[in-house]
Each structure stands twice: as C-alpha cells, then as structure tokens.
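Colleague: Sequence and predicted structure are below.
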Amino acid sequence: MHAIILIKVLLLTLVARLSKGFTIASNQRASTQRIPSSRRLAPSSSEASSTSTTNTAVPVDTKKEAVKIFGRLAEKYIMLDALAGQCCYSGCSDCEFRLPGGGYRMADQSSARPKWIPNYSMREANGKKHETKWAIGLFPHGDEKLNMGQFVQRIRGIAYAPPLGGPSVSASDATIENNDTAEAFFVLLVGGEEKLLSKKKFSKRLKQLANGEEGLTYAAFQIALGL
C-alpha cells in the first residue's frame, strides 16, 4: 500500500516538472519571434505622433509667393497714356499733344508703395524718362528672348519691396521658397505652345492681363494666376 502511494507521488512530481519545463520553453520561443521596434515597417501610435511633428514639411503659402513676385516687378510710379492712342509719337511739328519745348503731354501717378507693373518698358513724357524695373531686371541686354529658367533666375535677382495688395511680406522674408509661382507666371505670359518670352511679348501680355489698363495691379495679378 505504501509502495503504491510512493509511486503516485513520484509520478505527480515528474509530471509537474515536465509541465513547468514546457511552459518556460514556450515563453522563450515566443520572445525570440517578436519583431524589434527598430525593424518595424510602420511606427507605433506613440512613435507616429512624435515623428509627425518633426518630419512634416511646412506648406508653401502660394499667395505670399505671389506677393514676392509682384513686389519684385511693381512700381511706385507710372506714366499713363492719357492720349488713349490718338498720338503716333513720331515727333510731328504740329502735334497738338506735344509740349512747347518738346516731349508729350502725359499724365502720371505715384503711390507710397509699389502698386503697378507698367505694361511699357520705357516712356518719356513731361520732361521725364521712366524705364521700368521689369525691363531692367528681366531684359538688361535689350530685346532678348528668355526661357523659363532664365526668367525665374532673373526674377529672383530683382530687389523686392513690399507692394500694395496681398498678404504682408517684409523685405527680410521675401526669399522665394520655390519656383512654382514664377514658372506659372512665365507660362501665363508666353501663352500657347511658345517657350520663349521677349520684351515685346511681356509688354503686350501685361496689357491684356490688366484689361487694357496701363499697369497690372496686385488684384489683377492674383486673378490672372488663379489665386
């Protein structure tokens, strides 16, 4: 009887030890199959929240980029063709639009901040001569033809002044962030399938975009760009 009881005790002890060993081995196998956090393809929720704030690119403000372009081309001063095209500007001696000492009668306007991109490259009237920023900055060598890359490069090289209209952009913040807006303006100016922009084409397209006015204001500039 005692011998039977002793055998049962021994068997129970053996079974308990075997069961414990199996549990330990199973846990060890499970731990070796976990993917290390450094090898995960997708971050955990906590990791995602921490990386989203550090890796997210700041979007470019398209309207401010437009102001940076406009402020490089706009003028505080503009000569207006008050003659409405009635004069041929050929220096006729009996011309009713000429001044006694030479030159032509032509109205002009001034603004405290750059307000217009004039649609002419240069005008002389009332004893004054006005050569525009865009003519000097974009076409310094005369009536050359610019491709898109040259146009963007020269736009970047023109000094910026905070213009009248659009969101506020100071001179210290006027660095052009990307070329998208300048390139869109180039495409708008050349039109169709043309790839090159001349001084004459620039002037003609400005007048069209300004709806026949002598200068393009920021409001018209913004509309033309679809902003």
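Modeller: Ah, there it is.
Colleague: Please count neighbours and contacts with C-alpha atoms only from this point.
Modeller: OK.
Colleague: confidence score at Ile5?
Modeller: Looking at Ile5, its pLDDT stands at 55.
Colleague: lowest-pLDDT helix or strand in this structure?
Modeller: Lowest mean confidence among the helices and strands of the chain (mean pLDDT, DSSP states H and E): helix 45-55, at a mean of 40.
Colleague: From the contact counts, what lies against the helix or strand following that one?
Modeller: Past helix 45-55, further along toward the C-terminus, the next helix or strand under DSSP states H and E is helix 62-73. Contact here means 3 or more CA pairs under 8 Å, 6 or more residues apart in numbering; DSSP states H and E; on that basis helix 62-73 packs against helix 133-138, helix 180-190, helix 218-224.
Colleague: So which of those helices is nearest Met122?
Modeller: Set against Met122 and scored by CA to CA, the helices and strands packed on helix 62-73 come closest in helix 133-138, at 7.8 Å.
Colleague: Give me the mean pLDDT for the helix or strand that the closest one is followed by.
Modeller: With elements assigned by DSSP H and E, the helix or strand that comes after helix 133-138 is helix 148-157. Throughout helix 148-157, pLDDT has a mean value of 96.
Colleague: What of stretch 173-190?
Modeller: When pLDDT is averaged over stretch 173-190, the result is 94.
Colleague: which residues touch it?
Modeller: Applying CA atoms under 8 Å, 6 or more residues apart in numbering, the contact partners of stretch 173-190 are 60, 62, 65-66, 68-69, 148, 151-152, 155-156, 160, 196-197, 201-202, 205-206, 224-225.
Colleague: Cool, thanks, talk later.
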